[in-house]
Structure formats: structure tokens, C-alpha cells
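Engineer: please work out how this folds:
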Amino acid sequence: MAKSRNNLLGVGGQRRKLSRADQQGNGPARNNDRKAAADQKQDLLRKMRERAQGKTDDEQTPQPEA
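Structural biologist: Sure, this is the predicted structure:
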């Protein structure tokens with residue numbers, strides 16, 4: 001029987017062994033994602049604090065009455 005070209009099972013070498021953390025989705029890529037998410041959160045909190053400070057500063061300064 002001729003070798004089938006459609007069945008490519010086993011072609012392409014061996015896969016590298018995955019650590020338990022990589023198998024469970026806790027590998028280095030996930031750590032980078034967590035770090036990026038934490039950075040975004042810190043940036044959002046900083047912006048919210050700046051806006052809150054701007055509002056309190058405006059409220060504290062007396063407005064001249066015309």
C-alpha cells in the first residue's frame with residue numbers, strides 16, 4: 001500500500017517537554033500578561049486619582065460672584 005500524503009501524523013520532529021506550569025497555563029506568558037494587566041490597573045488608578053484631585057481643587061477654590 002502506498003504511503004498517504006494526507007496523513008501527516010508524526011511528521012515534524014518531537015515537541016519539547018512542557019513543564020507542569022506551562023501545561024496548566026501558568027507559564028512565563030501568563031506572568032507577562034499579569035504584569036501588563038497590573039500596569040494597566042496602576043495607570044487607571046493614577047488617572048482616577050488625578051481626576052479626583054482636580055475636582056477637589058476646583059471645589060475648594062472660591063469662585064468670585066458677579
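Engineer: for the one helix or strand D39 maps to, buried residues please.
Structural biologist: D39 belongs to helix 28-60 when elements are defined using DSSP states H and E. Buried residues in helix 28-60, defined by neighbour count with 16 or more other C-beta atoms under 10 Å: none. (C-beta placed from N, C-alpha, C; glycine too.)
Engineer: and that helix, what's its mean pLDDT?
Structural biologist: The average of the pLDDT scores along helix 28-60 is 86.
Engineer: name the helices or strands packed onto it?
Structural biologist: If you count contacts as 3 or more C-beta pairs under 8 Å, 6 or more residues apart in numbering; DSSP states H and E, helix 28-60 packs onto no helix or strand.
Engineer: and the gap between R49 and A29?
Structural biologist: 31 Å (C-beta to C-beta, to the nearest Å).
Engineer: could you do Q40 as well?
Structural biologist: From Q40 across to A29, the span is 17 Å (C-beta to C-beta).
Engineer: same thing with E50?
Structural biologist: E50 sits 32 Å away from A29, going by C-beta to C-beta.
Engineer: could you do R51 as well?
Structural biologist: R51 sits 33 Å away from A29, going by C-beta to C-beta.
Engineer: and for K35?
Structural biologist: Separation of K35 from A29 (C-beta to C-beta) stands at 11 Å.
Engineer: in what helix or strand does N26 lie?
Structural biologist: Using DSSP H and E, N26 is not contained in any helix or strand.
Engineer: burial of it, as a residue count?
Structural biologist: Residues lying near N26 (other C-beta atoms under 10 Å) number 13.
Engineer: which phi and psi does it have?
Structural biologist: In this entry, N26 is assigned phi and psi values of phi -110, psi 30 (degrees, to the nearest 10).
Engineer: what's the pLDDT at G12?
Structural biologist: For G12, pLDDT reads 67.
Engineer: then Q23?
Structural biologist: Q23 is assigned a predicted lDDT (pLDDT) of 75.
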